[in-house]
Structures are given as C-alpha cells and as structure tokens.
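> Show me how the following folds:
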Amino acid sequence: MIESMAQIHRSDADRQELHALVDHIPAGDLPAARKILRSLVDPVELALMKAPLDDEPETEEELADVEKALSNPSSDVPMEEVLREHGL
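From the prediction side, this is the model:
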C-alpha cells in the first residue's frame, strides 16, 4: 500500500526523534537500548529476550567438562579427537 505524504513525513520525523533520543542515552545504558531496538526489528532477538533463564543446575559431567575446557584454553584440537571424544 502506498503511504500518503503525511505518513512519510511523520515517519521521517519519528526517525529523527529516535536518532536524537539515541544520541542522549547514557553510555552505561547503551547495551540495554541496543537489545531493545534489535528486538523490534529481529524476531530472533525478541525471542532471546523473552526466553526464560536457564536455571537448571549443572550436572557433575557438565562441571567437569567446563573445568577441562578452562584448564586447556587452546582451540587447536584436531577434528578427529573431537569426534573420537564424542563417540563419532
């Protein structure tokens, strides 16, 4: 549907106002503002914002895997080793 000139003008004015508002957001609030604005244009971002926190406790195996990963930060693991460790 073709927008009327009044709608186009209002849209431009809205964008200008939003730009001005963004310019005045305190630096500490920029990450939150970014998340909110992204959620308006990206349905995936919106779904991530609405998703509940994962509050399930980690299992002993998960804790051990994290400890192992943190103790060896090298990312140079051959693919064959990764597959073998996962039984593939």
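
> Dump the longest helix seen in the chain to CSV, restricted to CA.
Identified as the longest helix of the chain according to DSSP state H is helix 5-23. This file holds the C-alpha atoms of helix 5-23, laid out as CSV (Å, rounded to 0.1, in the frame of the first residue of the first chain):
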residue,chain,number,x,y,z
MET,A,5,2.9,12.2,2.1
ALA,A,6,1.7,12.9,5.7
GLN,A,7,2.6,9.3,6.7
ILE,A,8,6.0,9.6,5.1
HIS,A,9,6.7,12.9,6.8
ARG,A,10,5.6,11.5,10.2
SER,A,11,7.9,8.5,9.6
ASP,A,12,10.8,10.8,8.9
ALA,A,13,10.1,12.9,11.9
ASP,A,14,9.8,9.8,14.1
ARG,A,15,13.2,8.6,12.8
GLN,A,16,14.8,11.9,13.5
GLU,A,17,13.4,12.0,17.0
LEU,A,18,14.6,8.4,17.7
HIS,A,19,18.1,9.4,16.4
ALA,A,20,18.1,12.3,18.8
LEU,A,21,17.0,10.2,21.7
VAL,A,22,19.7,7.5,21.0
ASP,A,23,22.3,10.3,21.0
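
> Same question for that helix: list its buried residues.
For helix 5-23, a neighbour-count test (16 or more other Cβ atoms under 10 Å) marks nothing as buried. From N, CA and C alone the C-beta is placed, and that goes for glycine too.

> Let the chain start at 891 from now.
Taking 891 as the first residue, the last one we looked at is helix 895-913.

> Where do the helices of this structure begin and end?
Secondary structure of the chain by DSSP H: the helices cover 895-913, 920-931, 933-940, 950-961, 969-975.

> can the ones you listed go into JSON lines with extra columns for mean pLDDT?
JSON lines is the format used below for the helices of the chain (pLDDT from 0 to 100):
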{"stretch": "helix 895-913", "mean pLDDT": "84"}
{"stretch": "helix 920-931", "mean pLDDT": "90"}
{"stretch": "helix 933-940", "mean pLDDT": "86"}
{"stretch": "helix 950-961", "mean pLDDT": "91"}
{"stretch": "helix 969-975", "mean pLDDT": "86"}
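
> returning to that earlier point: what distance separates the longest helix of the chain from the middle of the whole chain?
Helix 895-913 has its C-alpha centroid displaced from the chain centroid by 26 Å (Cα atoms, centre = their mean, to the nearest Å).
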